[in-house]
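Colleague: Got a sequence here, can you model it:
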Amino acid sequence: MGTDAALPLLLLLLAATCSVGQCLHRCCPRGAWLDQGAADCFSAPDNASADFRPALHHRHRNGSYAPAENASVPVSDEHPCPEGYYPLEPETDPAEEHYVLTTGELHFPADGSVLGPAAFCLAEVFPDGRVRTYVCESAVDVPFVVPASFALYGGLMLVSSLFVLATFFVYASVRRLRNVSGLCLMSYTAVLFVGYVASGTSQIFDVADGAPCFAAAFIIYFSFLASFFWLNVMCFDIFWTFSGFRSLRGTAREREHKKFIIYSIYSWGCPLILLSVTLVMQFHNDIPDGLLRPQFGVKRCWFPDDITILAYFYGPVGVLVLCNIILFILTAIRIAQLKRETAMLKGTDSRRHDDDNRQRFNLYLKLFLVMGVNWSMEVISGLVGGPEYVWYVTDICNTLQGVLIFVIFVWKDRIRRMLMEKFCPKRASTKLSKSTVVTYSTRASPSRLSHGVLNNKVTDNSNGDVKITAITPISDDSDVP
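Modeller: Okay, here's the model as predicted:
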């Protein structure tokens, strides 16, 4: 392919790159400098360097900035400021301190504002060829281009919310699944759905300030806090099941009802208390200056820095995650003890009991990996910081948590059978009869066989052959979500 043929393709790729924000614009054409006094472009001196190397930065997750050495961003010669532009002068005005990111955005740390690549341009200025930043006169009217990572995370969260909602409706529609474990999972998925929708929407669409900004911040804050508390309850419920602690008094139904009420008071009450404290600290005018305010809406619709997010969010979440890890470890130890205790027993009941233990242990392991590890990495990334691209994998896994929850709790043969029995009972009964009826033939007498066969239909024919139709029960496992 010749150079002339490749040029349109390169321009097309550059336009696509600029459309998602990862692009920079020149104020002057390639090979030209800007005369700042006359605001005109002219040909660069013969001894000028041909490299156009603006200072690029990475934004860390903790809000700080670091030079992006050896990083490069596509540069477009298409002028973004037809109505004119003005230079930023951070040397004389600290409010104009800014950073050009590798995502093509312009960040202002003073107030947390962000401009997309269509709102500014870069130019090599006379007489030394230093690259300076110019903001378009019409920058106020230029819409903010959502960073590609924000759009990706927001889209994945909305997709994940659909799987979370599907999990909720599956457990809500099948009565056998609505035990304590199922109700806890329903509460967890319900509040996680609200959090994912609010967070995903706010990341895709620019929620600038005012009432929508505060509403989004507090909904996200409460939803994810409540999800952590429900996760803590689920971990404790698994631990309680195997701990051997004395259960509540009453019938089985009454015990389940009391347990869920206790869990609900804890899982909804604690987040409400933390939310109330946050609301008071945010809006009450008589709070002493020495106390740390949440400061929602100051720089963004979330906490502005590491200290506040640690005090109001990562602190409580870190404690819950640590408790969950301890509960998981204790549960695993208890399961291992039960396996040793039942290893000497060879009966069917002991084997069935051991199978239940294995199923529960697998559930524990999946819960730990999906919920515990993912959220632990979220807390660690917020505390440690570092460039955002370092945490892309864990962030994507966290946004897809709803898909993983659906796979773990719904995408199983037992759940599909229950759904078929619920919505297609005729088809389910036909399939059940084909898969569970087994016919045996033997020459033994009916009286001898019936003595060792339970709940089997024994028939004899004229030849003396005995046929036993055995209905093999399907394991319910209703106590395992």
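Colleague: in the helix or strand harbouring Asn324, what counts as buried?
Modeller: Element membership of Asn324 [criterion: DSSP states H and E] is helix 315-342. Buried residues in helix 315-342, defined by neighbour count with 16 or more other CB atoms under 10 Å: 316-318, 320-321, 324, 327-328, 331-332, 334-335, 338, 342. Placement of C-beta: from N, CA and C, glycine included.
Colleague: At which residues are the helices of the protein located?
Modeller: Assignment of helices within the chain using DSSP state H yields the ranges 3-19, 148-173, 180-204, 210-243, 252-283, 306-309, 315-342, 348-367, 374-384, 392-399, 401-409, 413-423, 425-436, 446-452.
Colleague: Nearest to Ala216 among the buried residues of helix 315-342?
Modeller: Relative to Ala216, the closest of the buried residues of helix 315-342 is Val317; by CB to CB it sits at 18.9 Å.
Colleague: Is that closest one in contact with Leu225, as I believe?
Modeller: Yes. In this structure, Val317 is within contact of Leu225 by CB atoms under 8 Å, at 7.5 Å.
Colleague: Now do Leu56, the pLDDT please.
Modeller: The score at Leu56 is 89. That number is its pLDDT.
Colleague: now it, which residues is it bridged with?
Modeller: With DSSP bridges as the criterion, Leu56 is bridged to Val100.
Colleague: So what's the residue count around it?
Modeller: Other residues near Leu56 number 19, with proximity taken as other CB atoms under 10 Å.
Colleague: circling back to that earlier point, which elements pack onto the helix holding Asn324?
Modeller: Helices and strands touching helix 315-342, as assessed by 3 or more CB pairs under 8 Å, 6 or more residues apart in numbering; DSSP states H and E, comprise helix 210-243, helix 348-367, helix 374-384.
Colleague: avg pLDDT for it?
Modeller: What helix 315-342 shows for mean pLDDT is 83.
Colleague: what's the angle from it to helix 210-243?
Modeller: What separates the directions of helix 315-342 and helix 210-243 is an angle of 20 degrees, with axes from the mean of the first three to the mean of the last three CA atoms, to 10 degrees.
Colleague: Enumerate the positions of stretch 26-43 that are buried.
Modeller: Applying 16+ other CB under 10 Å to stretch 26-43 flags 26-28, 32-34, 41 as buried.
Colleague: Let me know whether Pro109 touches Arg59 as I believe.
Modeller: No. The criterion here is CB under 8 Å, and Pro109 misses it with Arg59 at 9.6 Å.
Colleague: which one of the helices of the chain lies closest to Val125?
Modeller: Here helix 3-19 is closest among the helices of the chain (CB to CB), at 23.1 Å.
Colleague: Dump the buried residues of stretch 26-43 to JSON lines, plus distance to Pro271 and pLDDT.
Modeller: Formatted as JSON lines, those follow (distance: CB to CB, whole Å; pLDDT from 0 to 100):
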{"residue": "Arg26", "distance to Pro271": "50", "pLDDT": "87"}
{"residue": "Cys27", "distance to Pro271": "50", "pLDDT": "87"}
{"residue": "Cys28", "distance to Pro271": "54", "pLDDT": "86"}
{"residue": "Ala32", "distance to Pro271": "58", "pLDDT": "86"}
{"residue": "Trp33", "distance to Pro271": "57", "pLDDT": "85"}
{"residue": "Leu34", "distance to Pro271": "54", "pLDDT": "86"}
{"residue": "Cys41", "distance to Pro271": "57", "pLDDT": "85"}
